[in-house]
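Engineer: quick one, structure for this:
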Amino acid sequence: MTIDWLDLKRTGELRAYMIPPTNLDDSFGELTSIDWSASSITAGYYTDTRTSGQLVVVGDGYKRDSFIRIVYTIPEWNYRTEVGTYAVIKDDATRQNGQWRTTLQLHSMLYTLSTDKANRSLVLSRGATALTAIKKQLEDAGRKYTINDANNYRFSQATVMELGKSRLSRIYELCGLSGNRLDVDGHGNVIVSPYVAPASRASQYEINLASENGIIRPGISRSSNHMETPSSVVVAYKLNESGKNTKTIIATAKVAAGDHADAGVRGYNVVEFYELSDMSPKTGTRALQIAKDKLKAKSIERISWSMECKYLPLWEGDIVDLIVPDGVYSGRRKCVVKSVDFKLPYMDMSLVLKETASPDNDEED
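Structural biologist: Below you'll find the predicted structure:
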């Protein structure tokens, strides 16, 4: 059945189930007496654990130490999706009017890897592979996983990952080396798949701000660093040579004349300054190249859009085309879903979309 998500004549149902921590395919049964209006779910593309939330339960129906799976259905469309499967990391409660209200703090299966600290170093011998090490970390933690045609990396020399680090940080390091992205699906399976930049992925959905069907609520907002991009970048490196006076290498890279960030256009300078702790080779030519690279990265405009809408089958990391009918940024804007917050129980969404032409990170370069 093809679903028309612009059709608002639908009635969704939200349910929660208690899941045995040792078997994600089993269930202790449905958890009822939930105050959905006080509960929440959120997901973020740039967050380490991807998704979290809270569930407020009235009474004593929650089986302590069970995981929680949240499921959203639209019965008349035969639509069902597992929103997320969560570990409960806190279950504080208050008693009012003769009833207990328990707030279950929910975190993804990736979070459970962040609390599992290593009591010994991990030695990866020459010839070892990143995927084998990732699988071992997940299996030792008891996490189910799926490897989706992931990239591999073979160590050319012995490598040691120090003790005290969490399994999550180790896996992220291994994913970084092998060019993979770490995620988690709604069933609670950890997913390892090749990293593909949002700009290189095809759009999965279109959101038209001019649509009159009511899917998008009024009040969309836009943010940009257009006015903050630098006019120039200065880098400095203190060269300490034994028996000689300290010398500072300084290099400056400037935007081209006529660029919007040029003081002759904008009316004032914005100068970014970086003091380097190391540089190789230790030359003015290298310092200038670093300044040019930083200027190029800092000059890329970051544009994001915030809006509220009725439920759409979108999740963090999905790619959408945003159709903007007017204004400075009118046209088709390709975006990645940076974050989504669900307003329960109707699963209305607060979306933050980040344009894929922006750098694929959540921090300033």
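Engineer: and Gly164, how many residues sit next to it?
Structural biologist: Neighbour count for Gly164, taken as other CB atoms under 10 Å: 11. For every residue, glycine as well, the C-beta is placed using N, CA and C.
Engineer: ditto for Gly127
Structural biologist: For Gly127, the count of nearby residues is 10 (other CB under 10 Å).
Engineer: so which residues of the protein form helices?
Structural biologist: Assigned by DSSP state H, the chain shows helices spanning 109-114, 130-140, 167-178, 263-266, 284-298.
Engineer: wait, which of those is closest to Ile250?
Structural biologist: Ranking the helices of the chain by distance to Ile250, with CB to CB as the measure, places helix 284-298 first at 7.2 Å.
Engineer: chain center to the closest one: distance?
Structural biologist: Counting by CA atoms, centre = their mean, to the nearest Å, helix 284-298 is centred 28 Å from the centre of its parent chain.
Engineer: show me what that helix is packed up against.
Structural biologist: strand 232-239, strand 247-254, strand 271-275 (3 or more CB pairs under 8 Å, 6 or more residues apart in numbering; DSSP states H and E).
Engineer: now render those as JSON lines, adding mean neighbour count and distance to Cys175.
Structural biologist: Below are the helices and strands packed on helix 284-298 laid out as JSON lines (neighbours: other CB atoms under 10 Å; distance: least, CB to CB, whole Å):
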{"stretch": "strand 232-239", "mean neighbour count": "19", "distance to Cys175": "30"}
{"stretch": "strand 247-254", "mean neighbour count": "16", "distance to Cys175": "32"}
{"stretch": "strand 271-275", "mean neighbour count": "13", "distance to Cys175": "28"}
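Engineer: which among those is found nearest to Arg167?
Structural biologist: The nearest among the helices and strands packed on helix 284-298, by CB to CB, is strand 271-275 at 33.8 Å.
Engineer: so what strands line up beside that closest one?
Structural biologist: strand 232-239 (parallel) (DSSP bridges).
Engineer: by how many degrees do the strand it pairs with and strand 247-254 diverge?
Structural biologist: Between strand 232-239 and strand 247-254, the angle comes out at 170 degrees (axes from the mean of the first three to the mean of the last three CA atoms, to 10 degrees).
Engineer: before we move on, the earlier item: Thr32: which of the helices and strands packed on helix 284-298 is closest?
Structural biologist: Counting by CB to CB, and looking across all of the helices and strands packed on helix 284-298, nearest comes strand 271-275 at 55.3 Å.
Engineer: name the residues that touch that closest one?
Structural biologist: Residues from elsewhere that reach strand 271-275, judged by CB atoms under 8 Å, 6 or more residues apart in numbering: 230-238, 290-291, 294-295, 298.
Engineer: redo that, cut-off 6 Å
Structural biologist: With CB atoms under 6 Å, 6 or more residues apart in numbering as the contact definition, strand 271-275 has outside contacts at Pro230, Ser232, Val233, Val234, Val235, Ala236.
Engineer: how about stretch 157-176?
Structural biologist: With contacts defined as CB under 6 Å, 6+ apart, stretch 157-176 is touched by 113-114, 116-118, 120-126, 130, 133-134, 137, 141, 182.
Engineer: these, buried ones only, as a ChimeraX selection?
Structural biologist: Here is the ChimeraX command that picks out the buried ones among these, judged by 16 or more other CB atoms under 10 Å:
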select :113,114,116,118,122,124,130,133,134,137,141,182
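Engineer: select the longest strand from this protein.
Structural biologist: Ranked by residue count and defined by DSSP state E, the top strand of the chain is strand 79-96.
Engineer: what mean pLDDT would you report for that strand?
Structural biologist: Averaged across strand 79-96, pLDDT comes to 97.
Engineer: then stretch 37-53?
Structural biologist: When pLDDT is averaged along stretch 37-53, the result is 97.
Engineer: kindly report the same for stretch 197-212.
Structural biologist: Stretch 197-212 shows a mean pLDDT of 93.
Engineer: just use 588 as the starting number from now, easier for me
Structural biologist: I'll keep to 588 as the first residue from here, and by that count the last item is stretch 784-799.
Engineer: now that stretch, how far from the chain's geometric center?
Structural biologist: In this view, stretch 784-799 has its centroid 18 Å away from the chain centroid, taken as CA atoms, centre = their mean.
Engineer: which residues touch it?
Structural biologist: Against stretch 784-799 from outside (CB under 6 Å, 6+ apart): Asp905, Ile906, Val907, Asp908, Leu909, Ile910, Val911, Pro912, Val923, Thr943, Asp947.
Engineer: with pLDDT, neighbour count and distance to Glu749 added, can I get those residues in JSON lines?
Structural biologist: Converted to JSON lines, these look like this (pLDDT from 0 to 100; neighbours: other CB atoms under 10 Å; distance: CB to CB, whole Å):
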{"residue": "Asp905", "pLDDT": "98", "neighbour count": "20", "distance to Glu749": "36"}
{"residue": "Ile906", "pLDDT": "98", "neighbour count": "19", "distance to Glu749": "37"}
{"residue": "Val907", "pLDDT": "97", "neighbour count": "21", "distance to Glu749": "41"}
{"residue": "Asp908", "pLDDT": "97", "neighbour count": "16", "distance to Glu749": "44"}
{"residue": "Leu909", "pLDDT": "97", "neighbour count": "23", "distance to Glu749": "44"}
{"residue": "Ile910", "pLDDT": "95", "neighbour count": "15", "distance to Glu749": "49"}
{"residue": "Val911", "pLDDT": "95", "neighbour count": "18", "distance to Glu749": "48"}
{"residue": "Pro912", "pLDDT": "94", "neighbour count": "10", "distance to Glu749": "54"}
{"residue": "Val923", "pLDDT": "98", "neighbour count": "24", "distance to Glu749": "33"}
{"residue": "Thr943", "pLDDT": "97", "neighbour count": "20", "distance to Glu749": "36"}
{"residue": "Asp947", "pLDDT": "90", "neighbour count": "15", "distance to Glu749": "28"}
